[in-house]
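Student: got a predicted model here, sequence first, then my questions.
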Amino acid sequence: MTTSLIAMAAYTGWVLLLLLTIIAYRGFMVMSFKRKADAWTRGGETQDGPLLKRVCDALSNSLETAPLFFGVILLANVSDQSAVTDGLAMTYVGARIIQSVSHIISVHHLMIFVVRFPAFLAQVAMLVWWSLSLTSAI
């Protein structure tokens, strides 16, 4: 298995961890009779605290970019060019985790400007670099 595919598995694991955090919280709330099972209908208002809201947002952010990351990694592997992505694949996952964790712990504008946005920008830069490299544009 290439480093890139391991990174893809790690990314998937991170997304699952975020999802399981939400499931655990919501399951506890239902089982303890503090919320009804339908308290989280899509688009409806919830009474969840800001921390869970940020975990949900971090999950959504992770899911939004997953197809791009997975697509580039899979393209590299099926075209026998995984060397293009192997070097930075785990760095990409690290940047994703940094972005998510910074999103969860704070929404302060300095955290966004100094940590979260640069982590996101690094991911975008890697995706662009890989895409151009894989299509021989570089």
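Tutor: Good, I have the coordinates.

Student: distance from the chain centre to stretch 49-61, please.
Tutor: 12 Å (C-alpha atoms, centre = their mean, to the nearest Å).

Student: tell me if I'm right that residue 15 and residue 60 touch.
Tutor: No. Applying C-beta atoms under 8 Å as the test, residue 15 and residue 60 come out as separate, 10.4 Å apart. Every residue, glycine included, has its C-beta placed from N, CA and C.

Student: which one's more surrounded, those two?
Tutor: Residue environment comparison for residue 15 versus residue 60 gives the larger neighbour count to residue 15, 17 against 11, counting by other C-beta atoms under 10 Å.

Student: count the neighbours of residue 67 for me.
Tutor: 9.

Student: may I have stretch 82-94 as PDB, with CA atoms only?
Tutor: Extracted as PDB, the C-alpha positions of stretch 82-94 are listed here (Å, rounded to 0.1, in the frame of the first residue of the first chain):
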ATOM      1  CA  SER A  82       1.800   7.700  -6.500                       C
ATOM      2  CA  ALA A  83       5.300   9.100  -6.100                       C
ATOM      3  CA  VAL A  84       3.800  12.500  -6.900                       C
ATOM      4  CA  THR A  85       1.500  12.400  -3.900                       C
ATOM      5  CA  ASP A  86       3.400  10.100  -1.500                       C
ATOM      6  CA  GLY A  87       5.800  12.800  -0.200                       C
ATOM      7  CA  LEU A  88       3.100  15.200   1.100                       C
ATOM      8  CA  ALA A  89       0.100  12.900   1.600                       C
ATOM      9  CA  MET A  90       0.400  12.600   5.300                       C
ATOM     10  CA  THR A  91       1.200  16.400   5.500                       C
ATOM     11  CA  TYR A  92      -2.100  17.000   3.800                       C
ATOM     12  CA  VAL A  93      -3.900  14.900   6.500                       C
ATOM     13  CA  GLY A  94      -2.000  16.700   9.200                       C
END
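
Student: residue contacts, residue 16?
Tutor: By C-beta atoms under 8 Å, 6 or more residues apart in numbering, no residues touch residue 16.
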